[in-house]
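S.K.: Generate a structure from the sequence data that follows.
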Amino acid sequence: MPDRPAVRRRPTAPPKSFLWTRRICLTVLVAFTTLPLYVMITSSIKPLVDVESSFRWIPSRVTLSPYVDMWSTVPLAHYFANSAIVASSATAISVVIAVFAAYAVSRYRFPGRQLFRITVLSTQMFPGILFLLPLFLIFVNIGNATGIELSTTRLGLIITYLTFTLPFSVWLLVGYLDSIPRELDEAAAVDGSGPLSTLLRIVVPAARPGIITVAVYCFMTAWGEVLFASVMTDDTSRTLAVGLRDYASENDVYWNQIMAASLVVSIPVVVGFLLLQRYLVAGLTAGSVK
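M.R.: Below is the predicted model:
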């Protein structure tokens, strides 16, 4: 007798109580995350008198003067330049080193390879505050011995950010490169391509989502970091996050300008995330399904 075709069972729909519970939870979560942003936006377009008076959900008067006055009240342009230099430099260096290190770990077998992968991953177990004092003392000793100031300069801050962005970048790229077929490397080797040429012409284009994910992570980490930047910078190398924090702690604060500056500071990260989000999803989920 011929085999009977298998009967496909339709998946049972979840109960309505579950759907309504999920909707309510998602609504509360969205409100919890968007209400602070709404307050920030509305406060940035209010006169200072309205901000300091009783709170209103809808502004009675709208003004754009905080977006103009904030550039003279706070040296925002100087802080912006410092943050851009530090974040861009830390991102570029992390990506370049991570690409070469991840390619070596993913494609070559050498003694201590697994130990290296475990060590790189284990560095993420410790909070960054544990490295603050040792790094500061190391930079001070280097400055005393060589005359190269690192404890309060942008160069020292860039090196500091590399200590906790680079291990995660290497670990993430190793997982992504493992998902790229090795047959591509072998085909390039048959055509006479060397390891460096294979990496730059074959592997790097194929690993573009993973590299973009690493770049966005490094930039976001360096752009909004406060703890290390508050200790390892001075007036000439102060970044945006530290500058705004210091201004908000003063006695005479224009809160509408603080809100406007906070929105302007977040624009580069938000725009970059929106433009590159499809690469982020591909880079973070690579290697999860074999």
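S.K.: where does the stretch 101-250 of the chain dip in pLDDT?
M.R.: Across the stretch 101-250 of the chain, the ranges flagged by pLDDT under 70 are 250.
S.K.: That one: helices as residue ranges?
M.R.: 113-122, 132-146, 154-178, 183-190, 195-198, 204-206, 208-224, 227-231, 240-248 (DSSP state H, counting those that start in this stretch).
S.K.: For Pro111, give me phi and psi.
M.R.: Reported as degrees, to the nearest 10, the phi and psi values for Pro111 are phi -60, psi 130.
S.K.: what about it, distance to Pro195?
M.R.: Noted for Pro111: a distance of 19 Å to Pro195, by C-beta to C-beta, to the nearest Å. The C-beta positions use only the backbone N, C-alpha and C, and glycine is treated the same way.
S.K.: Those two: which has the busier surroundings?
M.R.: Pro195 (15 against 7; other C-beta atoms under 10 Å).
S.K.: And the more buried one, how far from Pro47?
M.R.: Pro195 is 63 Å from Pro47, by C-beta to C-beta.
S.K.: so which helix or strand takes in Phe273?
M.R.: In this assignment (DSSP states H and E), Phe273 forms part of helix 255-285.
S.K.: who's in contact with Ile129?
M.R.: Leu227 (C-beta atoms under 8 Å, 6 or more residues apart in numbering).
S.K.: now do 10 Å
M.R.: 227-228 (C-beta atoms under 10 Å, 6 or more residues apart in numbering).
S.K.: do the same with Cys218
M.R.: 87-88, 90-95, 98, 161-162, 164-166, 168-169.
S.K.: so what's Leu244 closest to, chain neighbours aside?
M.R.: Ala261 (5.9 Å; C-beta to C-beta, 6 or more residues apart in numbering).
S.K.: Could I have the CA atoms of stretch 80-99 written out in PDB?
M.R.: Output in PDB follows, covering the C-alpha atoms of stretch 80-99 (Å, rounded to 0.1, in the frame of the first residue of the first chain):
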ATOM      1  CA  PHE A  80      32.900  67.700  19.800                       C
ATOM      2  CA  ALA A  81      36.300  67.800  18.000                       C
ATOM      3  CA  ASN A  82      38.000  65.900  20.800                       C
ATOM      4  CA  SER A  83      35.300  63.200  20.900                       C
ATOM      5  CA  ALA A  84      35.400  62.800  17.100                       C
ATOM      6  CA  ILE A  85      39.200  62.500  17.000                       C
ATOM      7  CA  VAL A  86      39.300  60.000  19.900                       C
ATOM      8  CA  ALA A  87      36.300  57.900  18.800                       C
ATOM      9  CA  SER A  88      37.400  57.800  15.100                       C
ATOM     10  CA  SER A  89      41.000  56.900  15.900                       C
ATOM     11  CA  ALA A  90      40.100  54.200  18.400                       C
ATOM     12  CA  THR A  91      37.600  52.700  16.000                       C
ATOM     13  CA  ALA A  92      40.100  52.700  13.000                       C
ATOM     14  CA  ILE A  93      42.900  51.200  15.100                       C
ATOM     15  CA  SER A  94      40.600  48.600  16.600                       C
ATOM     16  CA  VAL A  95      39.200  47.500  13.300                       C
ATOM     17  CA  VAL A  96      42.600  47.200  11.600                       C
ATOM     18  CA  ILE A  97      44.200  45.200  14.400                       C
ATOM     19  CA  ALA A  98      41.100  43.100  14.900                       C
ATOM     20  CA  VAL A  99      40.900  42.100  11.200                       C
END
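S.K.: How far does it sit from its chain's centre?
M.R.: Mean-position distance between stretch 80-99 and its chain equals 11 Å (C-alpha atoms, centre = their mean, to the nearest Å).
S.K.: And that stretch, what's buried?
M.R.: For stretch 80-99, the neighbour count (16 or more other C-beta atoms under 10 Å) marks 80, 82-83, 85-91, 93-95, 98-99 as buried.
S.K.: Quick one: mean pLDDT for it?
M.R.: Mean pLDDT, computed over stretch 80-99, is 92.
S.K.: hang on, the earlier thing: which pLDDT does the model give the residue nearest to Leu244?
M.R.: 86.
S.K.: quick revisit: might you specify the subset of the buried residues of stretch 80-99 located within helices?
M.R.: 80, 82-83, 85-91, 93-95, 98-99 (DSSP state H).
S.K.: Many thanks, I have nothing further to ask.
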